[in-house]
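A.B. asks: Make a model of this:
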Amino acid sequence: MQDDNSLSTVNLNIAYIHESEPPTVDLNFHRNLEMFTNNPSEKSQPLAYHVQGAIAEPFNEQVNRKTAKMDSIANKLVLIADMMSFQPGQHTDAWNETMVEFLRETEGCMALVKDHKEQAHINMAVALMVMFLLIGGYVFGRSPGFPVVINTWGGAFTAATDAAYLALIADRNTSALDAVEIGCATCEKNQCDTTVGYGGSPDESCETTLDAMIMDGTSMKTGAVAGLRRIKEAIGVARAVLEYTRHSLLVGDLATQFAVENGFKEQDLTTEASKEKCEAWKRANCQSNYRLNVVPDPSTSCGPYMPLPGIDQQTLLRSAMEDAGAVSHDTISMVIIHESGVMAAGTSTNGASHKVPGRVGDGPIVGSGSYVDGDVGGCGATGDGDVMMRFLPCYQAVENLRQGMGPQDAAEDAVARMLHKYPNMSSGIVVANNKGEHGGAGSGWTFTYSFRGGDMEATEVVSVPPLPRRLEERRNTYDMPEEI
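C.D. replies: A predicted model of the protein is given here:
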């Protein structure tokens, strides 16, 4: 028997017997599992021992083959063996859907193994191994090679991925910080999904303000702006804070003054579309909004508001817990690995629609919107910023890498910590170690992230199902404990 670091082949043997003249079908598949021999994930070690033990004492229980469901399971196992040739980390949405379908089929197979004891056997140790290989390929994205660009969201956000990547390969003098600025600036200019840049997410007074942050993974120095008014190039101003001051964060009108001093031009960030969006919100009695524990009732009125008299702190806490995640928004957060291995990260957003004027989101907060330490890796985040900044999920994810987790485990752990307190929140984070291996996790929606690196000809988009459902699937499959 091979040890857990040399699981280089899969021998899948299925024999099934029908009632009359039972034929036996032996299907042997040998697949080179390069991701284990060359790049075993941290997750491979404990489960490899689990599989190793299962091989020593395989489940050879008899399974009833009379039902069509069992035929479906056998066919699915055959299909999965053929799909082993996919490169982990480069799966399409079709691959993801097939993988989830297979997990459900195999979960049903395990239940049947326990419940039926007639005329057939499936080597369940091999089935366990196949599931592990699939999950490992899905959640542990292999490095595409340097340079690497990874950012939140697909769709319109892939233009930012491409812009940063092409800048890196066109000129080796383009630094990691340059690439972050170029990528985020692309979304600011393109108004990606109207959630980045001018003309989106107006506040209660119908004004668009911008937040941005950029971080050097070598020096750990950061530059950020929050509540930036009348300046379109938020990530550029954040870069100026990093380059030309000893500070980390400038806010509001004085951040605008700093921008003008550094050559940026004041411009109106409001567009006809954002103005109409705000007016429509007001016509709908300002619903939904971010006000709590005030009079008049914020669920039916636009204010002006005053604090609700006589309310106790426990009521305030309960209201905050219940309301978290009610309104979500998007952000571009980006992690760059230069050809030299130098890392940088950054974030740009116009924040939450209909926010209270003056609100600062998680985007410019170091460790929340993004974070990078070139010694281990980086992270970019999006979601319910008012909740996320309480947990600093990107800082947590990078520290998870430092403690030995792989990118996928690091991402899931950071999101799970937030879900423990706020189970209804929306979030998404993407994590990359300093080798370019990547993973993502999210909650409340299907999160996507984009990556391009090495000699890839196009940006790939990875779809990440909401975390609670995926954890539940894994608990059912592997008999995992309920505690996160």
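
A.B. asks: From here on, just use CA atoms for contacts and neighbour counts.
C.D. replies: Fine.

A.B. asks: just the helices in the stretch 101-250 of the chain please.
C.D. replies: 124-139, 158-170, 176-190, 234-244 (DSSP state H, counting those that start in this stretch).

A.B. asks: okay if I get these as CSV plus mean pLDDT, distance to V461 and mean neighbour count?
C.D. replies: CSV is the format used below for the helices of the stretch 101-250 of the chain (pLDDT from 0 to 100; distance: least, Cα to Cα, whole Å; neighbours: other Cα atoms under 10 Å):
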stretch, mean pLDDT, distance to V461, mean neighbour count
helix 124-139, 45, 13, 21
helix 158-170, 98, 8, 23
helix 176-190, 98, 16, 26
helix 234-244, 99, 23, 24
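
A.B. asks: In this structure, what helix or strand scores lowest on average pLDDT?
C.D. replies: Lowest by mean pLDDT, DSSP states H and E among the helices and strands of the chain is strand 14-16, with a mean of 31.

A.B. asks: sorry, back to before: wait, which of the helices of the stretch 101-250 of the chain is closest to V251?
C.D. replies: helix 234-244 (10.5 Å; Cα to Cα).

A.B. asks: Can you name every helix or strand that the closest one contacts?
C.D. replies: helix 176-190, strand 210-216, strand 222-228, strand 249-251, strand 343-349 (3 or more Cα pairs under 8 Å, 6 or more residues apart in numbering; DSSP states H and E).

A.B. asks: Pipe the helices of the stretch 101-250 of the chain into JSON lines and attach distance to I365 per row.
C.D. replies: JSON lines is the format used below for these (distance: least, Cα to Cα, whole Å):
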{"stretch": "helix 124-139", "distance to I365": "27"}
{"stretch": "helix 158-170", "distance to I365": "21"}
{"stretch": "helix 176-190", "distance to I365": "16"}
{"stretch": "helix 234-244", "distance to I365": "12"}
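
A.B. asks: and of those helices, who's closest to F451?
C.D. replies: Among these, if distance is taken as Cα to Cα, the winner is helix 158-170, at 6.7 Å.

A.B. asks: Compile the helices and strands packed on helix 234-244 into JSON lines and extend it with columns for distance to N289.
C.D. replies: Rendered in JSON lines, the data for those read as follows (distance: least, Cα to Cα, whole Å):
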{"stretch": "helix 176-190", "distance to N289": "25"}
{"stretch": "strand 210-216", "distance to N289": "19"}
{"stretch": "strand 222-228", "distance to N289": "18"}
{"stretch": "strand 249-251", "distance to N289": "23"}
{"stretch": "strand 343-349", "distance to N289": "19"}
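
A.B. asks: quick one: which of these is nearest G263?
C.D. replies: strand 222-228 (15.0 Å).

A.B. asks: Output the closest one in CSV with nothing but the alpha carbons.
C.D. replies: Below are the C-alpha coordinates for strand 222-228, written out as CSV (Å, rounded to 0.1, in the frame of the first residue of the first chain):
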residue,chain,number,x,y,z
THR,A,222,-0.9,51.1,3.4
GLY,A,223,-2.6,54.1,1.9
ALA,A,224,-6.4,54.6,2.1
VAL,A,225,-9.2,57.1,1.6
ALA,A,226,-12.7,57.0,2.9
GLY,A,227,-15.8,59.1,2.2
LEU,A,228,-13.8,60.7,-0.7
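
A.B. asks: re the thing from before, of all the helices of the stretch 101-250 of the chain, which one comes closest to N424?
C.D. replies: Of the helices of the stretch 101-250 of the chain, nearest to N424 by Cα to Cα is helix 124-139, at 23.0 Å.

A.B. asks: Can you classify V372 by secondary structure?
C.D. replies: At V372 the chain is in strand, as set by DSSP: H, G, I helix; E, B strand; the rest coil.

A.B. asks: swap in the one 3 residues further on?
C.D. replies: Secondary structure for D375, judged by three-state DSSP, is coil.

A.B. asks: My guess is it contacts N434. True?
C.D. replies: Yes. Using Cα atoms under 8 Å, D375 makes contact with N434 at a distance of 6.9 Å.

A.B. asks: returning to that earlier point: indicate which one of the helices and strands packed on helix 234-244 is closest to P357.
C.D. replies: Using Cα to Cα, the nearest of the helices and strands packed on helix 234-244 to P357 is strand 222-228, at 8.7 Å.

A.B. asks: What pairs with that closest one, parallel or antiparallel?
C.D. replies: strand 210-216 (antiparallel), strand 249-251 (parallel) (DSSP bridges).

A.B. asks: Any chance of CSV for these, columns mean pLDDT, distance to F146 and mean neighbour count?
C.D. replies: As requested, these are exported to CSV (pLDDT from 0 to 100; distance: least, Cα to Cα, whole Å; neighbours: other Cα under 10 Å):
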stretch, mean pLDDT, distance to F146, mean neighbour count
strand 210-216, 98, 17, 32
strand 249-251, 99, 31, 20
